[in-house]
Each structure stands twice: as C-alpha cells, then as structure tokens.
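Student: got a structure for you, letters missing:
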C-alpha cells in the first residue's frame with residue numbers, strides 16, 4: 001500500500017527578485033517594454049514604434065549641436081512677480097519648485113551653436129519648467145535669441161514645448177506674443193531663415209505667436225499642437241470635431257505644418273534645410 005500512498009514533499013519558498021524601479025518604460029503605442037538606458041541613448045524615441053517621449057532642453061541641445069559648439073546666452077534672466085500673484089502658493093515659491101524639479105532657471109534655454117558647421121541661434125523650450133509656460137522671462141530670452149541671429153546674421157531655430165502663456169503673469173505674459181512676433185518680423189526683413197520646430201505639446205499663446213511663424217514649420221511625430229483644448233473648442237463651436245484634429249499629422253495634411261521629422265533625423269534634416277535657405281557661403285558638411 002505504500003506504493004499508492006500520497007508522497008510527502010518539502011516546500012521550498014523561492015523569492016522572486018524584485019525588478020528595480022526606474023529601469024523600464026512602457027511604450028504607450030505598442031505596449032513594448034523598453035530599457036531606460038536604451039531609450040535615453042535613442043533620444044527618448046522608442047526604437048520599434050517610433051513613439052517620441054518628452055526630452056529635456058539640455059538633452060536635446062546635446063544631440064543637436066556639433067560637440068563643444070553650443071554657448072548659452074542670457075542664462076541669468078529669470079521670472080519676476082509683477083502681479084504679486086498668489087493662489088494656493090505665492091508665485092515665487094512655485095518658481096523655486098520648478099527650478100528644483102527641472103534643474104533650469106527658466107522654461108527656455110537659449111544660445112548659439114553649430115549644426116554640421118552651420119552656426120545658428122537657438123531657443124529650446126522645456127515643458128518640465130511650469131509646463132513650458134511663456135512668461136516675461138521666456139519672451140525676453142526668445143526675443144534676445146532672435147536679436148542675436150540678427151546681430152550675427154545667422155539663422156534662428158526655436159523648439160517649442162509649451163502649454164501657452166503663463167497665467168501668473170497675466171497681461172505681461174500675453175505681451176510676449178507681440179514682442180517675439182515683432183522680432184521675427186525684423187529677422188524676415190533681414191532675409192535670415194527662421195525654422196520653427198513644434199514638439200509635444202505646443203499649445204495656447206505659443207502656438208498663436210512664434211511657433212507657427214517659421215519660414216518652415218516642422219513638427220515631431222504625434223505632437224499635440226493647437227490653441228485651446230479640444231473640449232473648449234467643441235463647447236464653443238457646438239460641432240463634432242474630426243479625430244486627431246490637433247495632431248501634427250492632421251495639421252500637415254491641412255497645411256499648417258510643412259514637415260514631420262523624427263527626432264533621430266532632425267539634425268541632418270535641419271542641415272539640409274539650412275543649406276537650401278541660408279544664402280551665405282557655408283563650410284562643407286561635417287560627418
């Protein structure tokens with residue numbers, strides 16, 4: 001009978017090793033799990049699906065410019081508090097929080113550098129700082145970047161990533177729309193190229209001013225671009241809106257965007273466009 005008796009087993013508990021947090025990211029398009037180091041090395045673009053995750057201003061600058069050519073300008077310009085604005089926190093307290101979280105002093109980094117040997121002035125917005133909102137400091141820094149292009153007679157690039165004008169500065173933030181647009185008007189009179197690159201998201205007063213005034217408007221794939229939110233527009237016009245009407249792809253089809261360019265191809269594409277638009281004698285392309 002011992003042959004048919006229930007055998008006795010000893011139980012061994014094996015603990016599954018925990019996967020360290022912050023090592024993997026799930027692609028929202030394909031569901032693919034991507035190793036974070038691989039994602040960072042690929043400029044935050046998922047290799048298979050091509051989904052573009054947000055990228056910081058300094059990381060974008062490092063990938064865009066020839067090595068050791070970028071020189072930051074106007075880094076000391078910071079937000080003031082002209083309205084003494086207080087909601088649940090005073091505005092200056094929020095600014096300190098944004099500085100700590102982003103490692104930046106404002107929502108835009110400006111400077112000059114070379115792309116394949118072509119010198120340009122550039123302003124790169126960073127959504128991590130107050131959602132990239134445009135206040136007086138952001139408008140001033142972008143205007144000065146445009147004026148640097150005028151002074152040096154070089155092209156100007158602006159990478160937009162913003163929720164719009166900064167509410168804590170009220171009318172002062174809205175005035176930046178006119179100021180930046182006027183500076184771009186002077187750039188156009190000087191026949192110097194301005195290329196606008198719209199990234200996810202570009203909304204509000206930024207879209208309504210310098211972001212769509214480029215000689216060529218480029219967008220990253222899947223970028224959300226618009227003025228007001230879809231719900232606000234629907235409630236205003238009382239009509240059903242077409243699906244994806246604020247995506248880069250929809251706007252290219254309807255003429256607002258000239259090209260959609262992957263972040264991985266942006267550096268070379270900008271070189272080609274600058275060579276076509278920039279009329280001065282340029283050095284040979286660098287590999």
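Tutor: Structure's in. What do you need? These figures come from a predicted structure and were not determined experimentally.

Student: now do the contacts for the closest residue to residue 82 other than its chain neighbours.
Tutor: Taking C-beta to C-beta, 6 or more residues apart in numbering as the measure, residue 82 lies nearest to residue 172, with 5.4 Å between them; neighbours along the chain are not counted. Every residue, glycine included, has its C-beta placed from N, CA and C. Under the criterion of C-beta atoms under 8 Å, 6 or more residues apart in numbering, the contact list for residue 172 reads 82-83, 135-136.

Student: how many other residues sit next to the closest residue to residue 27 other than its chain neighbours?
Tutor: Nearest in space to residue 27, with sequence neighbours left out and distances taken as C-beta to C-beta, 6+ apart, is residue 46 at 4.5 Å. A total of 20 residues lie near residue 46 under the criterion other C-beta atoms under 10 Å.

Student: go on, residue 48?
Tutor: 10.

Student: same check, this time on residue 253
Tutor: Neighbours of residue 253 under the rule other C-beta under 10 Å: 11.

Student: over to residue 194?
Tutor: By the measure other C-beta under 10 Å, the count of residues near residue 194 is 22.

Student: what residues are bridge-paired with it?
Tutor: Taking DSSP bridges as the rule, residue 194 bridges to residue 156.

Student: was I right to think it contacts residue 187?
Tutor: Yes - with the criterion set as C-beta atoms under 8 Å, residue 194 and residue 187 qualify as a contacting pair; they are 5.5 Å apart.

Student: shared neighbours of those two, anything?
Tutor: 146, 149, 156.

Student: can I get those residues in CSV with neighbour count, distance to residue 180 and pLDDT?
Tutor: CSV is the format used below for the shared contacts of residue 194 and residue 187 (neighbours: other C-beta atoms under 10 Å; distance: C-beta to C-beta, whole Å; pLDDT from 0 to 100):
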residue, neighbour count, distance to residue 180, pLDDT
146, 26, 7, 98
149, 27, 13, 98
156, 28, 11, 98
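
Student: so where's this protein shaky on pLDDT?
Tutor: Scanning the chain with the threshold set as pLDDT under 70 gives 1-21, 279-287.

Student: so what's residue 39 closest to, chain neighbours aside?
Tutor: Once its chain neighbours are removed from consideration, residue 39 has its nearest residue in residue 25; the separation is 5.8 Å (C-beta to C-beta, 6+ apart).

Student: shouldn't that neighbour be in contact with residue 53?
Tutor: Yes - because the distance of 7.4 Å satisfies C-beta under 8 Å, residue 25 is recorded as touching residue 53.

Student: coming back round to it: quickly note the distance from the residue nearest to residue 82 to residue 205.
Tutor: In this view, residue 172 and residue 205 are 12 Å apart by C-beta to C-beta, to the nearest Å.

Student: name the SS class of residue 61, please.
Tutor: Residue 61 falls in the helix class when you classify it by DSSP: H, G, I helix; E, B strand; the rest coil.

Student: now do the buried residues in the longest helix seen in the chain.
Tutor: Ranked by residue count, the top helix of the chain under DSSP state H comes out as helix 170-189. Of the residues in helix 170-189, those buried under the neighbour-count criterion (16 or more other C-beta atoms under 10 Å) are 172-174, 176-177, 179-180, 183-184, 187.
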